[in-house]
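K.L.:
Following is a predicted model, sequence given first.
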Amino acid sequence: MQILAEAEDLPKTANIKTQLISLWTAPVFGVVLLIAFLAFPGFFPPMSPDMTAEQVARFYSDHTAMIRFSMITFNLCGVMLLPFFMVIVIQMKRMATQSHIFAYCYLTAAVSGATLFALADIFYLTAAFRPDRSPELVMLLNDMAWMIFIAPVGAFVAMNLLLGLAVFFDNGPNPVFPRWVGYYAIGTALAIAPAASAAVFATGPLAWNGVVSFWLRNGAFALFVIVMFVVLRNVLHRQAVEEGVAR
Amino acid sequence: MGDFVAHTEQTAGEFDTAAASSVSSTDGQRGVHLPGDVHMWVMVLGDLIIFGAYFIIFMVYRAMKPQEFLTSQEHLNINIGVLNTLVLLASSWFIARSVQAARADDHTQALRLTYFGGLCGVAFTAIKAYEWSTKIAQGYTISSNDFFMFYYMLTGVHLFHVSLGLLILGITVRELRNPRRRRPFMVESGATYWHMVDLLWIVIFALLYVMR
Amino acid sequence: MSSTISAQTSQSAKVADNGRTPRAGKRDVWLVFWIVPAFYTAFGVIFFALARVMPPPRPDVTTDQMVHFFHAHGLTIKIGFGVLVLIVGGAGVANGIVVYHMKRMTVGSVMAYAYLGSMSIGALPGCLLVAFCFLTAVYRPGRDRQVLALLYDLGLLSYVGSLGCFTTAYFAFAVAILYDRNNIFPKWLAYVSVWQIVTEVLAVPVFVSKAGPFAWNGSIAFWMGTVIFGFWLSCVIVFLMKANERQPVDEPPLD
């Protein structure tokens, strides 16, 4: 994006620049989080709810270092994805033919969803903190960690439904997002929603280690960030050009 | 949003005054010119105080377990430490020369020197990553003992400052490439921060690698 | 959104000071402002004196000692954290007034929303989880000792070890200040926020270390973090006050 000379010091340019910074935190920290994801010894394959307390306790004592490295990284860097979603809020507020209520609901949903994401790693880390803790209690912490990581999809489902609705309502002459983004958001919501049942099922594809609740859910989320990064780059560029900030 | 444009025009004047004030002491009497701006100096001095506290705490724990610290220190590769120190000193030299070039309005040279300085910073990071991976492969991790926890944490937070420094050098590069800007205080601020990063490393090197 | 002069506000601002120069800033913003130091004072009393979480009790203790901690401080934990649960809305207020002034900057709203979001996230693992772990621990006498030890660890690890939410908030705050032309906050406050990020990074070892400077009660991971936080918070309160004073009384309401 080539910022125009005359626009350099204007507030609307700073608006574009801060959005660009927020946008780019996604790939930068996305890579870091991906490394943390790959590093966690309990994701390949994902730990089974069937494991006995002894097996869980042994897992934590055998792999303490990598568990800590991975979860500390999630702890420190996970919330850095939030500014990316705030760019979506800003863009939803630019939609001309609606009241922006979807944008505010999106904002609050994003915050509540991210809160649970921020909570999950604390449980993994507490489980790994004392090797001499009773295996039953380690399993308790592990159960809560997995449930809090996988099952709370409601906020992200709501966010995507809201984004979809907003795109469909944005039917003036100059829509912010291309229309397919609305369908994609709804599709993502549908792909992620079944993972809520990980809180209930202990076996099968809907359990927290199952193909639907683990791989589909996390894959759909990662894909959403990647796709929306590209979309938002274009949207921001268009905004900059429209507002006379860039060429 | 439109209301703020008026506000901005008002405060843009303020902004220029602020920029001017950092160099205005060179007008009139040949007084002391504070390179860069006050804000960066707050950052640098505060950071030095904070790191100073970390160093003092390191010394306290070293005094409590001198034998453990001495034997652990032997596992550090002092050659890599020296290499890193030289790399960072070189980068500071490049940056200092780039400030001189910028003041002399030789912006192409200033830009080139900033790139070299940044490259040294990248080299430092790569060498540090290599050093950490060899240590971890040898079994010296953050939880090995107190010394190694200090080692990883001090070099780690220093590395965080190096990456911030690279970001700041990037901003300096953008400043120098833009013919409408090239404000001296921006270049100087960036250099001030970078020199602080270098200074911190020298102390860390001395405490962790050298001091017996 | 045309500018509206709030005649009523400027009127009452003039009347309020009995003929002296009217204090600048808006009355509703001042009202909210004073909640901030009041809340944090109460927070300090609760966390230092009552709940005994600042400084935190040691990680390198036996289960017996953890059980003893809860027995010894059961009453003050109940009072302190019970009150916290009632007044924790003050944290929302403190975050809200910062967001308000961030929105008066010339950088658009994305960083304000990121700050709002991250600080809101932080309230749960970083403040309330320890309250509920400890309240649960002292709720029933005779709870299993190992369970009490779990609540002790979980509460304190989450309290000292919630790092990312605040890191993101300080990042958003720093970026917004550095790009802002209205000089709502001074630029060096952005750098103080960067120090805050440094203290978060230095708290990473609390998940590993049970004693020494990097434990959850350690001189580096806890004490230095708390001192720098105290400094940051004081600066923020002072500059909120200055931002209030400098705000023109007739500035139109924010979008």
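P.N.:
Nice, I can see it. Numbering: from 1, shown residues only, chains lettered A, B, ... in the order given.

K.L.:
what sits up against stretch B:54-71?
P.N.:
With Cβ atoms under 8 Å, 6 or more residues apart in numbering or on different chains as the test, stretch B:54-71 has contacts from B:145-147, B:150, B:154, B:157, B:203, B:207, B:212, C:202, C:212-213, C:219-220, C:224. C-beta: built from backbone N, CA, C; applies to glycine.

K.L.:
hmm, 10 Å instead?
P.N.:
For stretch B:54-71, contacts defined as Cβ atoms under 10 Å, 6 or more residues apart in numbering or on different chains pick out B:72-73, B:145-151, B:153-154, B:157, B:200, B:203-204, B:206-208, B:211-212, C:198, C:202, C:212-214, C:218-220, C:223-224.

K.L.:
Now intersect these with the helices, please.
P.N.:
Judged by DSSP state H, the contacts of stretch B:54-71 include B:72-73, B:146-151, B:153-154, B:157, B:200, B:203-204, C:198, C:202 as members of helices.

K.L.:
Specify which member of these is nearest to chain A.
P.N.:
C:Leu202 (11.2 Å; Cβ to the nearest Cβ).

K.L.:
I'd say that closest one and C:Pro213 touch.
P.N.:
Yes - proximity of C:Leu202 to C:Pro213 meets the contact threshold set by Cβ atoms under 10 Å, at 9.3 Å.

K.L.:
who touches both of these two?
P.N.:
B:Tyr54, B:Met153, C:Ile220, C:Ala221, C:Phe222, C:Met224.

K.L.:
Would you format the residues you listed as JSON lines with pLDDT, neighbour count and distance to A:Ala193 included?
P.N.:
Formatted as JSON lines, those follow (pLDDT from 0 to 100; neighbours: other Cβ atoms under 10 Å in any protein chain shown; distance: Cβ to Cβ, whole Å):
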{"residue": "B:Tyr54", "pLDDT": "95", "neighbour count": "23", "distance to A:Ala193": "48"}
{"residue": "B:Met153", "pLDDT": "95", "neighbour count": "22", "distance to A:Ala193": "42"}
{"residue": "C:Ile220", "pLDDT": "94", "neighbour count": "26", "distance to A:Ala193": "44"}
{"residue": "C:Ala221", "pLDDT": "94", "neighbour count": "24", "distance to A:Ala193": "40"}
{"residue": "C:Phe222", "pLDDT": "94", "neighbour count": "24", "distance to A:Ala193": "41"}
{"residue": "C:Met224", "pLDDT": "94", "neighbour count": "21", "distance to A:Ala193": "44"}
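
K.L.:
returning to what we had before: out of the contacts of stretch B:54-71, which are buried?
P.N.:
Burial by neighbour count, 16 or more other Cβ atoms under 10 Å in any protein chain shown: within those this picks out B:72-73, B:145-151, B:153-154, B:157, B:200, B:203-204, B:207-208, C:198, C:202, C:212-214, C:218-220, C:223-224.

K.L.:
from those residues, which are also near chain A?
P.N.:
For chain A, no contacts are drawn from the buried ones among the contacts of stretch B:54-71 by Cβ under 10 Å from any Cβ of the partner chain.

K.L.:
Can you show me the CA trace of stretch C:187-207 as CSV?
P.N.:
What follows is stretch C:187-207 as a C-alpha-only set of coordinates in CSV (Å, rounded to 0.1, in the frame of the first residue of the first chain):
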residue,chain,number,x,y,z
LYS,C,187,4.6,9.4,24.2
TRP,C,188,6.8,8.1,27.0
LEU,C,189,3.7,6.4,28.5
ALA,C,190,3.8,4.1,25.5
TYR,C,191,7.3,3.1,26.4
VAL,C,192,6.3,2.5,30.0
SER,C,193,3.6,0.2,28.6
VAL,C,194,6.4,-1.6,26.7
TRP,C,195,8.1,-2.2,30.1
GLN,C,196,4.9,-3.8,31.2
ILE,C,197,5.2,-6.2,28.3
VAL,C,198,8.8,-7.0,29.5
THR,C,199,7.5,-7.8,33.0
GLU,C,200,4.9,-10.2,31.4
VAL,C,201,7.7,-11.9,29.5
LEU,C,202,9.7,-12.2,32.7
ALA,C,203,6.8,-13.9,34.5
VAL,C,204,6.9,-16.8,32.0
PRO,C,205,9.0,-19.0,34.4
VAL,C,206,6.4,-19.0,37.1
PHE,C,207,5.0,-22.2,35.5
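
K.L.:
and it, which residues are buried?
P.N.:
Neighbour counts over stretch C:187-207 (16+ other Cβ under 10 Å) mark C:187-207 as buried.

K.L.:
all helices for the chain, in order.
P.N.:
I'll assume chain A. A:11-39, A:53-62, A:64-77, A:82-93, A:101-127, A:135-150, A:154-169, A:179-192, A:217-242.

K.L.:
meant chain C, my bad for not saying
P.N.:
C:7-16, C:27-44, C:63-87, C:89-103, C:110-123, C:129-137, C:145-161, C:164-179, C:187-202, C:225-246.

K.L.:
What are the buried residues along the strand or helix carrying B:Ala110?
P.N.:
Using DSSP states H and E, B:Ala110 maps to helix B:107-137. Neighbour-count burial for helix B:107-137 flags B:107, B:109-114, B:116-121, B:123-125, B:127-128, B:131-132, B:135 (criterion: 16+ other Cβ under 10 Å).

K.L.:
okay, which residue is most central for the chain?
P.N.:
This is for chain A. A:Phe221 (6.0 Å; Cα atoms, centre = their mean).

K.L.:
wrong one, chain C
P.N.:
Against the mean C-alpha coordinate of chain C, by Cα atoms, centre = their mean, the closest residue is C:Ala91 at 6.0 Å.
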